[in-house]
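**Student:** Need a 3D model of the sequence below.
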Amino acid sequence: MDPGEYQTLARTAEKKGLTIKEALRQAARLWVHEESGIDPSDPIFDIALGRRKARDWGKGTENASKEVDETLYK
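**Tutor:** Next up is the predicted model:
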């Protein structure tokens, strides 16, 4: 990083009460989160939804896996 970028980073980190190391860690986490393509609002990450679906087992969902297989592998 060039000296100007470093100075901006240092000033911003200081304003936030962070060390440069902490600021860079936060920046890296944010970048990975944004670039990963993972959407935390995706229902696959909703543990409570999974539990509710598990309680509903046997209420018309018992053939879901078979129906998916039939659709995919026809």
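**Student:** how distant is stretch 12-23 from the center of its chain?
**Tutor:** Offset of stretch 12-23 from its chain centre (CA atoms, centre = their mean, to the nearest Å): 24 Å.
**Student:** The host helix or strand of Ala27 - what's its average pLDDT?
**Tutor:** Element membership for Ala27, per DSSP states H and E: helix 20-35. Averaging pLDDT along helix 20-35 yields 92.
**Student:** what sits up against the helix or strand harbouring Tyr6?
**Tutor:** According to DSSP H and E, Tyr6 maps onto helix 3-15. With contact meaning CB atoms under 8 Å, 6 or more residues apart in numbering, helix 3-15 is reached by Met1, Thr19, Ile20, Glu22, Ala23, Leu24. C-beta here means a position set from N, CA and C on the backbone, and glycine is covered the same way.
**Student:** any idea how far Arg25 is from the second one?
**Tutor:** Read it as Thr19. To Arg25, Thr19 is 9 Å away according to CB to CB, to the nearest Å.
**Student:** What residues sit buried inside the helix or strand containing Glu67?
**Tutor:** For Glu67, the element it lies in under DSSP H and E is helix 64-72. Within helix 64-72, no residue is scored as buried using 16 or more other CB atoms under 10 Å.
**Student:** Can I get it in CSV? Just the C-alpha atoms.
**Tutor:** Extracted in CSV, the C-alpha atoms of helix 64-72 (Å, rounded to 0.1, in the frame of the first residue of the first chain):
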residue,chain,number,x,y,z
ALA,A,64,-39.9,-34.9,-0.9
SER,A,65,-36.5,-36.6,-1.4
LYS,A,66,-38.0,-39.2,-3.7
GLU,A,67,-39.7,-36.4,-5.7
VAL,A,68,-36.4,-34.5,-6.0
ASP,A,69,-34.6,-37.6,-7.2
GLU,A,70,-37.3,-38.3,-9.8
THR,A,71,-37.0,-34.7,-11.1
LEU,A,72,-33.3,-34.7,-11.2
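**Student:** so how far is that helix off the chain centroid?
**Tutor:** On CA atoms, centre = their mean, the centre of helix 64-72 falls 28 Å from the chain's centre.
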